[in-house]
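Q: Sequence and computational prediction follow.
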Amino acid sequence: MANLERIYTIPLGKVYEYIRNKRGKRAIKNIREFALRHMKAEEVKISEGVNSAILRDGIQKPPRKIKVRIVKDENQTAKVWLLGEEEKIKEAADKKKKTEDERKKKEEAARKEKTAKAAEKPAAPAAKPAESKPVQTSKPAPAKN
């Protein structure tokens, strides 16, 4: 079974019929129900981008509608993304990998330099063994008369 991908504009106007402090949570719930209904999936995963878009203006004022991309995979899981979000995630991952590679190269160069300096230095002379003094363990017992 191939991946199924569709772009939807999800209406969230009915969310405003609910109590102010529960609108954000209800909007997420509506997105989940929408994805289950339209993609016929068993499970729905909502990305952080969608969540932050819903809560951008606060929990009391979610957007009236949101445009998303829903992808259904072989495991009957639907993933909800904002349009263009996946590309941003890939760019961020590439940038992170690049900086990680540069950091590893610098560490490797520092390690090589350190071993080269250690090889150049002559070995330190061996320390003389410490002279041991006899230790008196106990005093002799006093003589009894």
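A: Nice, I can see it.
Q: so which helix or strand takes in the residue nearest in space to the middle of the chain?
A: Residue closest to the mean C-alpha point of the chain, counted by CA atoms, centre = their mean, is residue 93 at 10.9 Å. Using DSSP states H and E, residue 93 sits in helix 85-120.
Q: so what secondary structure elements neighbour that helix?
A: Judged by 3 or more CB pairs under 8 Å, 6 or more residues apart in numbering; DSSP states H and E, the packing partners of helix 85-120 are helix 48-54. Where C-beta positions appear, they are placed from N, C-alpha and C, glycine not excepted.
Q: what's the helix it packs on in contact with?
A: With CB atoms under 8 Å, 6 or more residues apart in numbering as the test, helix 48-54 has contacts from 24, 27-28, 31, 62-63, 66, 68, 80-82, 85, 88.
Q: what comes up buried for stretch 62-73?
A: Of all the residues in stretch 62-73, those buried under the rule 16 or more other CB atoms under 10 Å are 62, 66, 68, 69, 70, 71, 72.
Q: which residues touch the fifth one?
A: If I follow you right, that is residue 70. 5, 6, 7, 8, 35, 38, 39, 78, 79, 80, 81.
Q: could the buried residues of stretch 62-73 be laid out in a markdown table, adding pLDDT?
A: Converted to a markdown table, the buried residues of stretch 62-73 look like this (pLDDT from 0 to 100):
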| residue | pLDDT |
| --- | --- |
| 62 | 95 |
| 66 | 94 |
| 68 | 94 |
| 69 | 93 |
| 70 | 92 |
| 71 | 92 |
| 72 | 92 |
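Q: Please produce JSON lines containing those residues, extended by secondary structure and distance to residue 117.
A: Output for those, formatted as JSON lines (DSSP: H, G, I helix; E, B strand; the rest coil; distance: CB to CB, whole Å):
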{"residue": "62", "secondary structure": "coil", "distance to residue 117": "60"}
{"residue": "66", "secondary structure": "strand", "distance to residue 117": "59"}
{"residue": "68", "secondary structure": "strand", "distance to residue 117": "57"}
{"residue": "69", "secondary structure": "strand", "distance to residue 117": "55"}
{"residue": "70", "secondary structure": "strand", "distance to residue 117": "58"}
{"residue": "71", "secondary structure": "strand", "distance to residue 117": "54"}
{"residue": "72", "secondary structure": "strand", "distance to residue 117": "58"}
